[in-house]
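Trainee: mind looking at a prediction? Sequence and model below.
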Amino acid sequence: MNTLRELMAALPKAELHLHLEGSVMPLTLIELAAKNNIVLPEYAKPLDLYEFDKDLAAFLNVYNLVCESIVDHQDFERVTYECLANCHMNGARYVELFFSPQAHFKYGVSYATCLNGVVAGKNRAFEDLGIECQLIPGVNREKPADENLAFLHTILNTQRDQVVGIGLDYYENPFPPELHLETFQLAKEQGLRLTAHAGEAGPAENVQKSVDILGCERIDHGYHIVDSPDMLAEFSKGDIVFTVCPSTTTITTHWHDLADPQHAIKRMVEGGLKVMINSDDPPMMGTDLANEYVLLVEQMGFSLSDIKAFILNGVDAAWISEDKKAYWHKEWAKEIDDLFSKYTTNVQSNLAQSNSGGLVNHDQ
Ligand code: ADE
Ligand code: ZN
């Protein structure tokens, strides 16, 4: 293991902020669109399909096109398996996967079709690769409150054992968290866990409201909390974990430069918040999970001990049993230490070799 990339891909990790539809590789999108008679924009090379202006609204337009292209059980099974295979290649051992059923309803696709296809894909990924996954249906904050409540009833009335919680997502600014209070209250009463995208393109107060009003246990993104020193201080004392996504910040926020010492993630960590690292919509954001960790070190200046802390925050924030948390905490910490020491030994010996003239044996 010689490169930082290899190290980051090898580390055991949880991915708690990943959207199924945002994980579809462009070649898969092209095949699904052809199969389902969806017209895609013109492109010279597949990745051009994921070129969009750097803002959340532009991103969501492309995201919705991907959603339109995933139609039947087999499509959902395929994209879920491919998504989790990618996670596995990046060292993720455990994934909480968002999917966006409401984005498929308008094309006549039912919740049961989405869910059954996703469950089939995740079961196959577990059998083949051992990767564990639980599901989080995303609630679209742009939809009217009563429509979201009806969607929650559909979730509650359908097979539930693989669905661990709900999350609030989509365009943040004109749609504050409190609009969906009833949905979140009922979800909590019914034993679902709660998270919300907040403080990504919207203000710091959306973070506070998501926790205080909706009862969220995690915050997805949360970057604008750095605009409020009081809130930063308050959240640094609590247990809320922020699922941050470095590459996404360069696209959907004004923090375009990860190397900026004032970058929100840097300030969140310096302010004492608990963060863990995710890839959000990897091919659409031009990244993957291992790369997100490489960026933390190479561009944001975080140390290997920061990396270990972020990974273990991910275990703490996972919606799994306390026993499993304690077990992974201990086992992953050992594995991380072991991988770090192999990596630093290799880097040091490579350095020594190159300082002594590389592979040439000067004794001969
Ligand atoms: N859906 C998928 N990715 C998202 C993001 N970064 N923000 C809001 N909604 C999303
Ligand atoms: Zn997201």
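Mentor: That came in fine, so what should we check first? Ligands and ions are numbered 1, 2, ... in the order given.
Trainee: check contacts around the nearest residue to residue 73 once chain neighbours are set aside.
Mentor: Counting by Cβ to Cβ, 6 or more residues apart in numbering, residue 117 is the residue found nearest to residue 73 once chain neighbours are left out, at 4.3 Å. Any C-beta I mention is one placed from the backbone N, CA and C, and that applies to glycine too. Residues in contact with residue 117, defined by Cβ atoms under 8 Å, 6 or more residues apart in numbering, are 72-77, 80.
Trainee: in the stretch 1-150 of the chain, which residue sits nearest ligand 1?
Mentor: Residue nearest to ligand 1 within the stretch 1-150 of the chain: residue 19 (4.2 Å; Cβ to the nearest ligand atom).
Trainee: in ChimeraX, how would I pick out whichever of the contacts of residue 117 are buried, leaving the exposed ones unselected?
Mentor: Entered in ChimeraX, the line below selects the buried ones among those, by 16 or more other Cβ atoms under 10 Å:
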select :73,75,76,77,80
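Trainee: may I see the contacts of residue 117 arranged in JSON lines, with distance to residue 218 and secondary structure as well?
Mentor: What follows is the contacts of residue 117, written out as JSON lines (distance: Cβ to Cβ, whole Å; DSSP: H, G, I helix; E, B strand; the rest coil):
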{"residue": "72", "distance to residue 218": "32", "secondary structure": "coil"}
{"residue": "73", "distance to residue 218": "30", "secondary structure": "helix"}
{"residue": "74", "distance to residue 218": "32", "secondary structure": "helix"}
{"residue": "75", "distance to residue 218": "29", "secondary structure": "helix"}
{"residue": "76", "distance to residue 218": "25", "secondary structure": "helix"}
{"residue": "77", "distance to residue 218": "28", "secondary structure": "helix"}
{"residue": "80", "distance to residue 218": "22", "secondary structure": "helix"}
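Trainee: want to throw the contacts of residue 117 into JSON lines with pLDDT and distance to ligand 1?
Mentor: Listed next are the contacts of residue 117 as JSON lines, based on pLDDT from 0 to 100; distance: Cβ to the nearest ligand atom, whole Å:
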{"residue": "72", "pLDDT": "98", "distance to ligand 1": "22"}
{"residue": "73", "pLDDT": "98", "distance to ligand 1": "22"}
{"residue": "74", "pLDDT": "98", "distance to ligand 1": "23"}
{"residue": "75", "pLDDT": "99", "distance to ligand 1": "18"}
{"residue": "76", "pLDDT": "99", "distance to ligand 1": "17"}
{"residue": "77", "pLDDT": "98", "distance to ligand 1": "21"}
{"residue": "80", "pLDDT": "99", "distance to ligand 1": "16"}
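Trainee: where along the stretch 51-200 of the chain do the strands fall?
Mentor: Under the criterion DSSP state E, counting those that start in this stretch, strands of the stretch 51-200 of the chain are mapped to 92-99, 132-140, 165-169, 193-198.
Trainee: confidence score at the residue of the chain found nearest ligand 1?
Mentor: Here the residue of the chain nearest ligand 1 is residue 169; by Cβ to the nearest ligand atom that distance is 3.8 Å. In this model, residue 169 is scored at 98, pLDDT.
Trainee: can you list the residues of the chain near ligand 1?
Mentor: Within reach of ligand 1 by Cβ under 6 Å from any ligand atom, the chain has these residues: 19, 22, 56, 63, 169-170, 197, 200, 248, 252, 280-281.
Trainee: for the record, mean pLDDT for the lengthiest helix in the chain?
Mentor: The residue-count maximum for a helix in the chain (DSSP state H) belongs to helix 322-355. The average pLDDT within helix 322-355 is 93.
Trainee: which parts of it are buried?
Mentor: By 16+ other Cβ under 10 Å, the buried positions in helix 322-355 come out as 325, 328, 332, 335-336, 339-340, 343.
Trainee: next one: stretch 116-128
Mentor: 116-122, 124-125.
Trainee: stretch 212-232 now?
Mentor: In stretch 212-232, counting by 16+ other Cβ under 10 Å, buried: 214, 216-226, 228, 231-232.
Trainee: what's the answer for stretch 174-192, then?
Mentor: Quick answer for stretch 174-192 (16+ other Cβ under 10 Å): 175-177, 179-180, 183-185, 187-188, 192.
Trainee: ends of that stretch, what's the gap?
Mentor: Start-to-end span of stretch 174-192 (Cα to Cα, to the nearest Å) is 26 Å.
Trainee: which outside residues touch that stretch?
Mentor: The contact list for stretch 174-192, computed with Cβ under 8 Å, 6+ apart, reads 139, 141-142, 145, 148-149, 151-152, 155-156, 163-166, 168, 194, 196, 198, 202, 205-206, 209-210, 213-216.
Trainee: ok so, going back, got the residues of the chain next to ligand 1 as CSV, with neighbour count columns?
Mentor: Converted to CSV, the residues of the chain next to ligand 1 look like this (neighbours: other Cβ atoms under 10 Å):
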residue, neighbour count
19, 24
22, 25
56, 20
63, 22
169, 25
170, 20
197, 29
200, 26
248, 27
252, 25
280, 30
281, 27
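Trainee: quick check, nearest of those to residue 265?
Mentor: Nearest to residue 265 out of the residues of the chain next to ligand 1 is residue 248 (Cβ to Cβ; 10.4 Å).
Trainee: residue contacts, residue 329?
Mentor: 312, 315-316.
Trainee: quick one: residue 321 from residue 149, how far?
Mentor: According to Cβ to Cβ, to the nearest Å, residue 321 stands 29 Å off from residue 149.
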